[in-house]
Each structure stands twice: as structure tokens, then as C-alpha cells.
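> Below are the sequence and a predicted model for it; my questions follow.
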Amino acid sequence: MEVLVVYDVDTVKAAGRKRLRRVAKVCEGYGQRVQDSVFECTLSEEQMERLRTRLVEIIDAEQDSLRIYRLMQPRERMVEELGRRLANDLHDPLVL
């Protein structure tokens, strides 16, 4: 499944800045950053549940916001990119 992970972490205090870094680090392990606090991921159900569990353990539910959107159609039909392209197609071959 393809999902979009979007978060807003309160960074007024040092603890919030630490949570922000931790959330980003976890998301980097599951997908690619397309904007500062937005990740596109292609996941199995098991990976999705692991990602969700890890993020819930990190955020402060009273101060932070986390949204996970399950994209119902292929990404190409759901996303319109305007301006500078910041992400690679997850289905294209990766050249190292």
C-alpha cells in the first residue's frame, strides 16, 4: 500500500526538537521525504503497523499531530507535483 505520513511536532522546547528528529529518522527508514515533514512510503500491512506503533511511541499526543493517509489509487493519479521535483518515483529502478 502507498501511504503519506505527515506530522507537525511542537518544537518550542528541546524535548520537542528531539521528538521531531526521532519522527523524521523513523520515517526515513520506511519511505522518502518529499517535503520537510511529509514522507511517501510503500508498505506492507505489517510494515504499516510497525511504522504507526513506532511513531505513536515517539510523539506527544497533547502537543504533536501525526497523520497517515492511505492512498487508494496509484500515486500518479493522486498527486500533482508543481514546481521543483523533490522526490523520486518509488517504482523506478534505483541506480547506486
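Arrived safely. All values reported here derive from a predicted model rather than from experimental measurement.
> only C-alpha atoms for contact and neighbour calcs from this point on.
OK.
> For this protein, just list every one of the helices.
Listed in chain order, the helices of the chain (DSSP state H) span 14-28, 45-58, 75-78.
> ok, the nearest residue to Ile58 once chain neighbours are set aside to Arg70 distance?
Once flanking residues are discounted, Ile58 sits nearest to Arg19: 6.3 Å by C-alpha to C-alpha, 6 or more residues apart in numbering. From Arg19 across to Arg70, the span is 23 Å (C-alpha to C-alpha, to the nearest Å).
> what's the neighbour count on the residue nearest to Ile58?
Neighbour count for Arg19, taken as other C-alpha atoms under 10 Å: 19.
> likewise Leu55?
Applying other C-alpha under 10 Å, we find 19 residues neighbouring Leu55.
> same thing with Ser65?
The tally of other residues near Ser65 (other C-alpha under 10 Å) stands at 13.
> ok, now the one 4 residues further on?
The number of residues packed around Tyr69, counting by other C-alpha under 10 Å, is 11.
> I figured it hits Leu4, correct?
Yes - at 4.9 Å, Tyr69 and Leu4 qualify as touching, with contact defined as C-alpha atoms under 8 Å.
> For Glu62, give me the backbone phi and psi.
Main-chain dihedrals, Glu62, degrees, to the nearest 10: phi -90, psi -20.
> quick one: low-confidence ranges for this structure?
Within the chain, the stretches with pLDDT under 70 are 73-76, 78-82, 84-96.
> re earlier: right, and the residue nearest to Ile58 touches Asp8 too?
No - if you go by C-alpha under 8 Å, Arg19 and Asp8 don't touch, sitting 10.4 Å apart.
> With adjacent residues omitted, what lies nearest to Lys5?
To be clear, residue 5 is Val; Lys isn't right here. Counting by C-alpha to C-alpha, 6+ apart, Val5 lies nearest to Ile68, which is 4.6 Å off, once chain neighbours are set aside.
> The one you found: how many residues sit nearby?
15.
> that older thread, let me know which of the helices of the chain is tucked in deepest.
helix 14-28 (a mean of 16; mean count of other C-alpha atoms under 10 Å).
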